[in-house]
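Peer 1: sequence first, then the predicted structure, then my questions.
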Amino acid sequence: MLGAVAEAALSKPRAMLGGAVALLVVFGFVAAGAPTRLGTAAPEAAGSESADAAAQTASALGREPEPGMLIVTRGRDPVDSGVYEVALETVTSQLKSDDDVAEVRRGPVSDDDRTTVLEVYFRDDDSAVQQQALERIESDLDAGLLDVSIAGEAAVLLDARRSLGSEVIGLELLILPLTVLVLALVVGLRLVIAPLLAAALAILGSATVLRLLGGPLDLSIVGLLPAAVVALALATEFSLLIARSHRDELERESDESAAIERAVRVAGRPVLAASIAGALIPLALLVVPVAAARSTAIGAASAALIAGMAALAVTPSLLVAAGPMVEEPDAETERPRGVVSRVTGFVGERRLVALLAVVATVVGLLAAAWPVVELETVALGAAGLPTDSDARRAEDQVAAELGVATSSRATASLPGADRTQVDQLRQELEGVEGVASAMRPEDSGDLAAVGVGLEAPRGSLLAREGIDAMRQTTAPVGAAVSGYDAAALDADEKLGERLPIGAAIAALLLAVVVFVLVRQPLLAIGLGIASLLPAAAAAGLLTLVFDAGGLTDLFDYAPQGGPHLDALLAVLAAAAAVSAARSVAYPIVLRAEHAVSVRRRAAERAAGLLLAPAATATVIAAAASAVLVGSNVLPVKEAGIALAVALILDLVALRVLLVPALGRLLQRTRP
């Protein structure tokens with residue numbers, strides 16, 4: 001395969017580059033519709049009590065048990081006036097005309113008799129479908145003289161999707177000049193297009209994969225965030241690795257064609273292996289039965305795989321098209337290594353130093369990861385949106401004028417119950433701590449459902465405490481509790497149960513990949529475990545900062561009691577993919593250095609080849625992540641901070657110290 005890549009680059013470089021540009025256009029066209037197609041998913045865990053209860057209740061009632069959207073209306077006349085009544089009837093007719101709307105009900109009225117809500121129940125529980133319906137409805141809604149705003153779960157998720165798209169693109173454009181400058185300093189202006197084109201292909205390609213798989217697999221837009229970070233980091237690193245290998249070959253080989261072919265063969269093997277490993281490891285998150293876990297896993301995996309293919313297709317072709325890089329190569333002169341490479345070589349050549357490095361880095365990373373032990377995630381609520389977003393203003397209006405319980409809802413469903421049992425259940429629910437009101441039961445014959453208004457805002461930990469209290473009350477009579485906060489509670493519990501299993505699978509997968517490539521069992525096990533540490537440490541720091549509410553002034557956020565589920569999963573997927581890819585590349589390059597005659601300082605030479613591309617990619621990707629702190633969507637802010645930390649930890653702790661030290665301690669072959 002690598003020989004075919006080199007031959008194609010040498011014989012048809014412009015055709016290869018033209019094909020890459022054409023593919024980029026196709027990816028861009030398909031990826032443009034990804035946010036709308038995917039939507040922002042609610043935190044639902046497959047097979048949980050809330051998911052099963054919601055499906056059973058929706059089947060019995062013919063609609064979702066809780067309203068997915070609230071049309072908040074305010075007028076100058078009282079709600080019971082003729083003018084107001086006509087306006088409400090008009091809006092109701094408009095809502096019912098949408099095929100996705102199953103039912104519209106009147107909600108409570110404010111104390112001043114000027115504000116009320118229309119509760120909109122959807123037929124389909126798919127978040128993306130509901131958000132598409134909301135967009136249709138709001139574009140055609142005509143309430144006459146009434147002031148209208150839209151609240152509810154679908155509105156919050158839609159505003160998050162819109163804010164994510166507009167803010168993230170704008171913030172990332174700020175980093176483009178830095179990216180071009182760094183790449184120009186590393187590879188020169190004539191080759192700067194190679195990593196940029198490879199990264200663009202990987203970013204848009206992974207977005208295309210998410211869009212195409214979004215329908216069958218119920219994916220969320222959250223998968224685009226780790227995909228973008230992984231694509232930018234690995235595509236840049238792989239391109240620079242090939243370019244650096246080419247420069248080394250030119251210093252030993254005056255023939256340009258031979259240097260290109262040799263560079264592709266030498267650097268291509270670690271690039272291929274790294275992209276495969278980077279694609280496999282985040283897929284371990286699929287054991288967590290949450291839409292965000294599927295989305296982030298597939299997004300990161302597809303980005304890693306496409307990054308490797310894009311770098312191999314683009315970089316050699318551009319090297320050929322750009323012409324010779326070195327006019328007078330000197331095979332006798334070895335380029336001096338940098339300070340970091342010498343430090344890494346020092347660690348990788350001395351057993352005692354390597355042992356100390358392993359102990360220090362492992363202890364430090366485990367200490368940073370320790371808060372994950374008591375991890376508790378939160379779901380996206382209105383408080384996680386920008387203060388000027390329409391949905392947040394509408395939610396604030398509902399809370400101030402109609403009460404939090406109007407929009408913060410749950411449902412207790414009881415199969416096969418008689419009227420007496422249902423009435424008793426309703427009375428018991430009214431006395432539960434955290435419950436503001438229990439509504440009139442709905443009986444479909446096979447199932448009775450009692451709607452509940454919670455005292456705390458949707459998405460908050462206090463609302464989840466109310467759900468927990470409800471379940472303690474309803475469990476003895478066989479009733480199940482569903483709703484947004486019930487789903488968030490179940491998703492958090494599933495994450496706690498399955499995440500250790502996913503980590504074990506990821507470590508095992510990476511160990512198998514390394515063993516197959518280098519046949520070093522102890523090194524394979526060590527790298528399999530060590531490569532998960534930056535992700536764990538970043539998750540621990542994320543938990544520490546956003547659970548305790550520290551650094552609120554620095555990062556400008558309102559504490560939510562813990563990190564958002566989507567942000568945490570995005571960090572884990574992206575950090576694991578990048579770390580796994582880099583860890584697989586190192587032993588392949590180190591083994592190749594050992595194999596070249598009796599070369600001294602093999603660890604230092606391997607570090608010299610790998611660290612410069614890794615450092616450049618880390619600077620660019622970490623900066624691209626760090627600018628997300630400027631986002632007003634709290635999960636995006638959290639993910640940006642933690643991803644920047646994870647990339648820096650991977651470079652400093654693993655690439656400079658831990659991985660070379662493990663290579664010294666656990667490989668059989670010594671330099």
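Peer 2: Structure received. Everything quoted here is computed from the prediction, not taken from an experiment. Numbers count the residues shown, from 1 in each chain.
Peer 1: so where is the stretch 51-200 of the chain shaky, pLDDT-wise?
Peer 2: Counting by pLDDT under 70, the ranges of the stretch 51-200 of the chain that qualify are 165-174.
Peer 1: ok, then the element right after the helix or strand hosting Q130?
Peer 2: Assigned by DSSP states H and E, Q130 falls within helix 127-140. On the C-terminal side of helix 127-140, the closest following helix or strand by DSSP H and E is strand 147-151.
Peer 1: in its sheet, what does that following strand sit against?
Peer 2: Using DSSP bridges, the strands paired with strand 147-151 are strand 69-74 (antiparallel).
Peer 1: and the partner strand, what's buried?
Peer 2: Neighbour counts over strand 69-74 (16 or more other C-beta atoms under 10 Å) mark 69-74 as buried. For glycine as for every other residue, the C-beta is placed from the backbone atoms N, C-alpha and C.
Peer 1: what do you get for stretch 262-273?
Peer 2: 262-264, 266-273.
Peer 1: run through who's touching it.
Peer 2: Here stretch 262-273 makes contact (C-beta atoms under 8 Å, 6 or more residues apart in numbering) with 1-3, 5-6, 9, 238, 241-242, 244-246, 248-249, 253, 308, 311-312, 316, 319, 513, 517, 584-585, 588-589, 592.
Peer 1: give me the buried subset of these.
Peer 2: Buried subset of the contacts of stretch 262-273 (neighbour count, 16+ other C-beta under 10 Å): 2, 5-6, 9, 238, 241-242, 244-246, 248-249, 253, 308, 311-312, 316, 319, 513, 517, 584-585, 588-589, 592.
Peer 1: want to try JSON lines for the buried residues of stretch 262-273, with pLDDT and distance to R350 as columns?
Peer 2: Below are the buried residues of stretch 262-273 laid out as JSON lines (pLDDT from 0 to 100; distance: C-beta to C-beta, whole Å):
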{"residue": "R262", "pLDDT": "85", "distance to R350": "31"}
{"residue": "A263", "pLDDT": "81", "distance to R350": "31"}
{"residue": "V264", "pLDDT": "83", "distance to R350": "34"}
{"residue": "V266", "pLDDT": "81", "distance to R350": "27"}
{"residue": "A267", "pLDDT": "84", "distance to R350": "28"}
{"residue": "G268", "pLDDT": "85", "distance to R350": "31"}
{"residue": "R269", "pLDDT": "90", "distance to R350": "28"}
{"residue": "P270", "pLDDT": "90", "distance to R350": "24"}
{"residue": "V271", "pLDDT": "92", "distance to R350": "29"}
{"residue": "L272", "pLDDT": "93", "distance to R350": "31"}
{"residue": "A273", "pLDDT": "93", "distance to R350": "27"}
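Peer 1: ok, so of those, who is nearest N632?
Peer 2: Checking these against N632 by C-beta to C-beta gives V271 as the nearest, at 37.7 Å.
Peer 1: would you mind measuring from that closest one to S50?
Peer 2: Distance, V271 to S50, by C-beta to C-beta, to the nearest Å: 44 Å.
Peer 1: where in the stretch 301-450 of the chain is pLDDT low?
Peer 2: Confidence mapping of the stretch 301-450 of the chain against pLDDT under 70 gives the ranges 323-343, 345-346, 348-349, 417.
Peer 1: which parts of it are helices?
Peer 2: For the stretch 301-450 of the chain, the helices defined by DSSP state H, counting those that start in this stretch occupy 339-349, 351-369, 390-401, 419-430.
Peer 1: likewise for the stretch 151-300 of the chain?
Peer 2: 153-187, 193-217, 224-252, 256-280, 291-322.
Peer 1: re earlier: in the buried residues of strand 69-74, find the pair that's most separated.
Peer 2: Using C-beta to C-beta for every pair in the buried residues of strand 69-74, the one that comes out farthest apart is M69 and R74, at 16.8 Å.
Peer 1: quick one: contacts for the residue nearest the centre of the chain?
Peer 2: Against the mean C-alpha coordinate of the chain, by C-alpha atoms, centre = their mean, the closest residue is A570 at 2.6 Å. For A570, the contact set (C-beta under 8 Å, 6+ apart) comprises 222, 225-226, 292, 296, 639, 643.
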